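Q: no sequence on this one, just coordinates:
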């Protein structure tokens, strides 16, 4: 249909203008979910770059999170970088 053709042409134009597309967004770990006296270490609070309001979080709900860090010693494959995977489950605040 005409709408699909327009959408495909639009995507090609955007990709041609942008060049490479970045498939990740930087973020920061703020701490753990907590109450006054205890903290739940199985749930981390994240600040995703460019997300400042609650409606902006809807795009990221269900998306996977990768915490990439560099270890001191290489693993059995010879790689020093390690990854902890998680998921965005809900907005906070």
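A: Arrived safely, thanks for sending. What you are looking at is a predicted structure, and each value in this text was computed from that prediction instead of being measured. Residues are numbered from 1 along each chain as shown.
Q: Give me the spatial nearest neighbour of residue 93, chain neighbours excluded.
A: Leaving aside its sequence neighbours, residue 93 sits nearest to residue 54 (CB to CB, 6 or more residues apart in numbering; 7.5 Å). (Each C-beta comes from the backbone N, C-alpha and C, glycine too.)
Q: Flag the shaky bits of the chain, pLDDT-wise.
A: 1-21 (pLDDT under 70).
Q: swap the cut-off to 80 and go again
A: Counting by pLDDT under 80, the chain has low-confidence residues at 1-22, 93.
Q: for the protein, what spans make up the strands?
A: 27-34, 39-48, 64-70, 81-87 (DSSP state E).
Q: Which residue, neighbours along the chain excluded, lies closest to the residue nearest to the spatial centre of the chain?
A: When CA atoms, centre = their mean is applied to the chain, the residue found nearest the centroid is residue 65 (4.8 Å). Once flanking residues are discounted, residue 65 sits nearest to residue 86: 4.2 Å by CB to CB, 6+ apart.
Q: For that neighbour, give its distance to residue 78.
A: Residue 86 is 26 Å from residue 78, where distance means CB to CB, to the nearest Å.
Q: Tell me which of those two has more neighbours.
A: residue 86 (14 against 6; other CB atoms under 10 Å).
Q: Could you measure from that one over to residue 31?
A: In terms of CB to CB, residue 86 sits 14 Å off from residue 31.
Q: what does residue 47 give?
A: Noted for residue 47: a distance of 10 Å to residue 31, by CB to CB.
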